[in-house]
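Q: the sequence and its predicted three-dimensional model are supplied below.
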2 protein chains.
Amino acid sequence: MRNNALVYAQTHRSEALDGLQELLRIPSISTLPECQPEMQRAAQWLVDKLTAIGFEHLAIMATAGHPVVYGDWLHADPSAPTLLIYGHYDVQPADPLDEWLSPPFEPMIKGDKIYARGADDNKGQLYTHVAALEAYLKSDGRLPLNVKLLIEGEEEIGSPSLGNFIRAHTDLLKADAAVISDTHMPAPDKPIIVSGVRGLAYMEVSLRGSSHDLHSGMYGGAVENPLNAMVKMLASLHDENGRVTIPNFYDKVLPLTPAEREIFNNGLITEKTVMAETGAPALWGEKGYSVAEWLGARPTLDIHGIKGGFIGEGQKTVIPAVVSAKVSMRLVPNQNAAEIAELFSQHIQRIAPKTMELSIKKYSAENGAVVDTSSVAIEAAVQAFEQGFGTRAIFMREGGSLPVVTMFSQILQVPVVMMGFGLPDDAIHAPNEQFHLPNFYQGIETAIHYYDIFGQQTLLLV
Amino acid sequence: MRNNALVYAQTHRSEALDGLQELLRIPSISTLPECQPEMQRAAQWLVDKLTAIGFEHLAIMATAGHPVVYGDWLHADPSAPTLLIYGHYDVQPADPLDEWLSPPFEPMIKGDKIYARGADDNKGQLYTHVAALEAYLKSDGRLPLNVKLLIEGEEEIGSPSLGNFIRAHTDLLKADAAVISDTHMPAPDKPIIVSGVRGLAYMEVSLRGSSHDLHSGMYGGAVENPLNAMVKMLASLHDENGRVTIPNFYDKVLPLTPAEREIFNNGLITEKTVMAETGAPALWGEKGYSVAEWLGARPTLDIHGIKGGFIGEGQKTVIPAVVSAKVSMRLVPNQNAAEIAELFSQHIQRIAPKTMELSIKKYSAENGAVVDTSSVAIEAAVQAFEQGFGTRAIFMREGGSLPVVTMFSQILQVPVVMMGFGLPDDAIHAPNEQFHLPNFYQGIETAIHYYDIFGQQTLLLV
C-alpha cells in the first residue's frame, strides 16, 4: 500500500471539496440547447484541472454532439496495466427549480452533505478519481499504473455519440480494465459492485387533433381531445398485473435462475428500504417478482411528462391542438433497445386514434449489460472496497442504465468495473441532489487502493 | 327606427375600433394572480369610458374575487322598459405565447379581422353595446329605454362571485330583460339566438407517489409513477362508446324529444362545418348522437392539462413526486353542477391507487340553462337581427357555459337574451384570437335596433 497518496488525500480533503465545488458551479445540462456554452466551460475546466495535476494529451474531442474530454498518464512500469476511467461532466436539468432549498448551481454544504445538481451524478463521483490521481501525483510524483481518462458530455441524454467515438478511437482507449464510478450502494456500510445495468429506450409520442387550440365549450364532445386520447393510449401500455402490453416486449427477457433470484433477494433491497428511500406509502410492480427483481431484473415503462393544454394557476377550458408525451423503457440484458423502440413505435401506430395525426420520435436506444464478476479487475475492486470502506462489497444488478458499459464490453472488449459511491437518498435527477461527504472521501481512498491493487496484479493479466 | 344613432354608428366606426383597441391592450387575465393590477385597470377604463359617454352611478363594486363594473342610464320615458346588459372584462390566459403571430395584447388589424386576446371573448362583443349606447347618447342625447350595465371580471374562471353579487343587489339590477353578447353564430349570414347553455364543473386532481422526484432507473418498476397512475385513472373516465363512466353522471340528463332533435339537426352544425372550423381530420363523440347534439345536448368530460415531470427539450428520466390534472365537465340543463362535482370526487376517490396521496380541488361548478324562446325580449332580438344582419335568426343551444344565464334566470327571474356576434373561427381561448370586423359593426347596429325595438314593446311587458 502506498501510504503517501493516502496520507495526501486524508490531509487535503478541503482542496478536493473546493475543486468539486468549482465544477458544480457550471450548469452543464446536456439536454438544454441554451447550455451549450456551459458544456464547453465544464470540458475546459476538466482539461485545465487535469493538466495542472500532471495529466497529458489533454483534448476536448469533437463528436456529433457534446465533446469528450480525454487525457492520460502513461509512465508506469512497462509491466503495469492500463486503466480506463470513465465519467461524465453533463448533468440533468434542475427543474422543478422552486423545489430546491438552495440554488442548484451554487453548491451548499450542510452537515455531512454537499447539495448541488451533479453533486453525486456524476461530478461528485467522477471527482473521487480526479482527487485520487492528484493525491498520487502530488505525493509520489507517479501512478502505480497507466491511466486513461474518458469523460463524456452526453450521459444524461443516453450517450448518443459515445459509441461512434469509441469505435473511432479503439487504439487510443485500449486498456486492461475500465472503471466507472456512477452507481450507488444501499447504505454507507454496504458497498456494491454493480454486475449489470438496464438498457434504455426513450421515446416521444405526439398527437395533433385540430389545427389550433379549441374551446372545450364550443367543441368538447365532438372533436376528440388529444389529452383524452393520449391518456387512453398511455394507460393501455400496462395491464392490471403491471406488465407492459407491447406485443413481444418480453420475448428476449431471460428468466431468472433460482441462483440469480437468491442473489437478488439478499435482503439489501427490500420493500422497507425502498419505501424509506422514496417516501412512497406503498410499492407497486409486476406481479410475481420481488422489489429487488423489479429494480434489477425486469424491464419497465415510465411516462416522464405530458405536454399540451394548460397547467398554470386557475382554470382554462382548452382542448389543446397538440399533445406530446415522453416515455422511456428500462430494458434488461438480452433485450435489444433498437428492437424495443421499434416494437413500441409499431404498437403506438396500431393503437393511436385514427382521428389524429401521430408522430413518434426516438431520443435514444441503448442496450443493457451484465459484467463478468470473476475478472481480476473486479477482484481488485472487492479488495479496494474492503480497504476503503472496511467491509466486503457485494454484487448487485442496478436498475439504471449506463450505455457506456455495453460499449466498453462490446467495442473495447475490456472488463468493466462499476464501483460507485452514491447513496439511494442522493436525489439524483431530482431537486436537492446531494452527495454524502464521508462517501466522497472514502471514495477517493477506495480509488487510491484500487489503482494500487490493480497495479500489482498486472502479471496475472499479461 | 331612430336613424340618428344608426347614422352616428356608421360614421364613427373608426372611433369604436379605437376604443376597443384601448381595452384590448390591458391584459386582464382573471386566472393569473399577477394580473390583479391589470384587472383593476380594465375596470377603471370601463368606468372612465362609460362616464364619458353619459352613463351614471359608475362604480367598481367589490366581490369576494375580482370586482364588478356597474353603471346605468335611467332617464327614458316612464313607461319604457329597463334592459340589463351583461359583459365581462376578463380574458383567458394567452399561452401558448409562441403560437401568436402578433403579441396577444397589442391588437393587430389585418384584412377584416382584429387579432388580440379578448378580441371576441368578450371585449369585442361587449364593446358593440358600448358603441351602440354611445351612438344614441351622442346623437339623440338619450336612449329609447333604461339601461343598466353589469360587467364582471370572473367569467373566464367560472363566475365564482357573481351569484352572491346578484343576490346582494337584486334591487339595483332589477330589469325587464337581460341581454348578453357572448356567444357565436355559425357564419356571418347565419345569426343565432342561443336558447340554452351548458353548465360547467372544473376540477383538479393531484396524486403524490413519493416524497421527492425519483430517478426512473433507480426506482422505475417498483414505485408507482404518478403519471402512469394518472393516465390510467383519466383514461377510465370514458368508455369505448365515448360515454363518461362516472356512476350516475347521466341520471338527470333529459332525453331529447323528436322535436328537439329536429331543431338540433337543422343542418347548421354538421360534421363538415365542425371539421372545417377546427381542422380536425375526423370527429369523435358519444355513440347514438349527431355532432350538433354532442355540442348542444350532451354532457362531456375533457382533460385540459397534466402537470408534473419533464416537458422541456430532450430527455429526462424522472418519476415525478406529484402530478396534477385539470379536468372539466360540460353539463346540460337539469344536471346539477355541484352534484356532478361531488360524483366526480367520489368516483376519483374510489378509483385512485391506494399507493398514493390523492387530493381533489373544485375550481367552479355552475349549472346550465335553457331560455324561454317565446318571450317578448327574445322576439325583439329576432327582429333586431333581421334589421342588423338582413336575415332571420334561428334558435340554437350552445356548447359553452355562461353561469350568468342561470343566475339571471333564477335570481332575477328576468328573460335572458343571448345575442352574440362571434364566429366559430374566432379562436377564442386559443392563440390568435380574432373578431370579424363586419360582425363588430353589424353587432353595434343590431344592438341599436334591439334597444329601439325592445323600447317600443314596453306596453306589452308592463
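A: In hand now; what should we look at?
Q: how close does the spatially closest residue to A:D112 that is not a sequence neighbour get to A:L423?
A: Distances taken as CB to CB, 6 or more residues apart in numbering or on different chains put A:L437 closest to A:D112, at 4.8 Å, once the chain neighbours are dropped. All C-beta spots, glycine's among them, are computed from the backbone N, C-alpha and C. A:L437 sits 11 Å away from A:L423, going by CB to CB, to the nearest Å.
Q: which one of those two has more residues nearby?
A: A:L423 (22 against 18; other CB atoms under 10 Å in any protein chain shown).
Q: one step back: thought the residue nearest to A:D112 was touching A:K113?
A: Yes: contact criterion CB atoms under 8 Å: A:L437 and A:K113 qualify, at 6.5 Å.
Q: now for the strand or helix carrying A:M203, which elements pack on it?
A: In the assignment (DSSP states H and E), A:M203 maps to strand A:199-208. Applying 3 or more CB pairs under 8 Å, 6 or more residues apart in numbering or on different chains; DSSP states H and E, one finds that strand A:199-208 contacts helix A:226-235, strand A:322-331, helix A:337-351, strand A:357-366, helix A:403-407.
Q: what angle sits between it and helix A:337-351?
A: Here the directions of strand A:199-208 and helix A:337-351 differ by 30 degrees (axes from the mean of the first three to the mean of the last three CA atoms, to 10 degrees).
Q: so for strand A:199-208, what's the average pLDDT?
A: For strand A:199-208, the mean pLDDT works out to 96.
Q: and for stretch A:438-452?
A: For stretch A:438-452, mean pLDDT is 97.
Q: low-confidence ranges in chain A?
A: Applying pLDDT under 70 to chain A flags residues A:1-2, A:458-462.
Q: okay, now stretch A:257-271: how far is its last residue from its first?
A: For stretch A:257-271, the separation between the terminal residues is 22 Å (CA to CA, to the nearest Å).
Q: check which residues of it are buried.
A: A:263-264, A:269-270 (16 or more other CB atoms under 10 Å in any protein chain shown).
Q: stretch A:153-165 too?
A: Under the neighbour-count criterion of 16+ other CB under 10 Å, stretch A:153-165 has A:153-163, A:165 buried.
Q: what comes into contact with it?
A: Here stretch A:153-165 makes contact (CB atoms under 8 Å, 6 or more residues apart in numbering or on different chains) with A:28-31, A:39, A:42-43, A:61, A:63-69, A:88-92, A:122, A:152, A:182, A:200, A:202, A:363-366, A:401-404, A:407, A:411, B:314-316.
Q: buried subset of those residues?
A: A:28-31, A:39, A:42-43, A:63, A:65-69, A:88-92, A:122, A:152, A:182, A:200, A:202, A:363-366, A:401-404, A:407, A:411, B:314-316.
Q: rewinding a little: mind putting the buried residues of stretch A:257-271 into JSON lines with secondary structure and distance to chain B?
A: Listed next are the buried residues of stretch A:257-271 as JSON lines, based on DSSP: H, G, I helix; E, B strand; the rest coil; distance: CB to the nearest CB, whole Å:
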{"residue": "A:I263", "secondary structure": "helix", "distance to chain B": "17"}
{"residue": "A:F264", "secondary structure": "helix", "distance to chain B": "12"}
{"residue": "A:I269", "secondary structure": "coil", "distance to chain B": "9"}
{"residue": "A:T270", "secondary structure": "coil", "distance to chain B": "11"}
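Q: reformat these as CSV; add distance to A:I453.
A: Listed next are the buried residues of stretch A:257-271 as CSV, based on distance: CB to CB, whole Å:
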residue, distance to A:I453
A:I263, 24
A:F264, 28
A:I269, 28
A:T270, 32
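Q: closest to A:T245 out of those?
A: Nearest to A:T245 among the buried residues of stretch A:257-271, counting by CB to CB, is A:F264 at 24.7 Å.
Q: residues contacting the closest one?
A: A:256, A:290, A:292-293, A:296-297, A:396-397.
Q: and the residues you listed as a markdown table, adding distance to B:T355 and secondary structure?
A: What follows is the contacts of A:F264, written out as a markdown table (distance: CB to CB, whole Å; DSSP: H, G, I helix; E, B strand; the rest coil):
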| residue | distance to B:T355 | secondary structure |
| --- | --- | --- |
| A:L256 | 25 | coil |
| A:S290 | 17 | coil |
| A:A292 | 18 | helix |
| A:E293 | 18 | helix |
| A:G296 | 21 | helix |
| A:A297 | 21 | coil |
| A:M396 | 25 | strand |
| A:R397 | 24 | strand |
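Q: any chance of the residues you listed in JSON lines, plus neighbour count and distance to B:S236?
A: Below are the contacts of A:F264 laid out as JSON lines (neighbours: other CB atoms under 10 Å in any protein chain shown; distance: CB to CB, whole Å):
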{"residue": "A:L256", "neighbour count": "17", "distance to B:S236": "33"}
{"residue": "A:S290", "neighbour count": "18", "distance to B:S236": "29"}
{"residue": "A:A292", "neighbour count": "24", "distance to B:S236": "31"}
{"residue": "A:E293", "neighbour count": "21", "distance to B:S236": "28"}
{"residue": "A:G296", "neighbour count": "26", "distance to B:S236": "31"}
{"residue": "A:A297", "neighbour count": "24", "distance to B:S236": "30"}
{"residue": "A:M396", "neighbour count": "24", "distance to B:S236": "37"}
{"residue": "A:R397", "neighbour count": "23", "distance to B:S236": "34"}
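Q: okay if I get the residues you listed as TSV plus distance to chain B?
A: Below are the contacts of A:F264 laid out as TSV (distance: CB to the nearest CB, whole Å):
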residue	distance to chain B
A:L256	14
A:S290	9
A:A292	9
A:E293	9
A:G296	10
A:A297	10
A:M396	12
A:R397	12
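Q: how about the strands of the stretch 351-462 of chain A, start to end?
A: Counting by DSSP state E, counting those that start in this stretch, one finds strands in the stretch 351-462 of chain A at the ranges A:357-366, A:369-370, A:394-397, A:416-419, A:434-436.
Q: near chain B at all, stretch A:330-341?
A: Yes: under the criterion of CB under 8 Å from any CB of the partner chain, chain B is reached by stretch A:330-341 at A:R330.
Q: need the distance between the two termini of that stretch.
A: Termini of stretch A:330-341 sit 11 Å apart (CA to CA).
Q: in that stretch, which residues are buried?
A: Buried residues in stretch A:330-341 (16+ other CB under 10 Å): A:330-333, A:335-337, A:339-341.
Q: for those residues, which one is nearest B:P188?
A: Looking across those and measuring by CB to CB, the closest to B:P188 is A:A341, at 49.9 Å.
Q: quick one: contacts for that closest one?
A: Going by CB under 8 Å, 6+ apart, A:A341 touches A:201, A:203, A:362, A:365.
Q: now the third one: closest residue in space that isn't a chain neighbour?
A: Right, the one you point to is A:K362. Once flanking residues are discounted, A:K362 sits nearest to A:A341: 5.1 Å by CB to CB, 6+ apart.
Q: likewise the second one?
A: Sequence neighbours aside, A:V327 is the residue nearest to A:M203 in space, at 5.2 Å (criterion: CB to CB, 6+ apart).
Q: quick one: the residue lying closest to A:Y451 once chain neighbours are set aside from A:S328, how far?
A: Of all residues not flanking A:Y451 in the chain, A:P144 sits nearest, at 5.3 Å (CB to CB, 6+ apart). Here A:P144 is placed at a distance of 40 Å from A:S328 (CB to CB).
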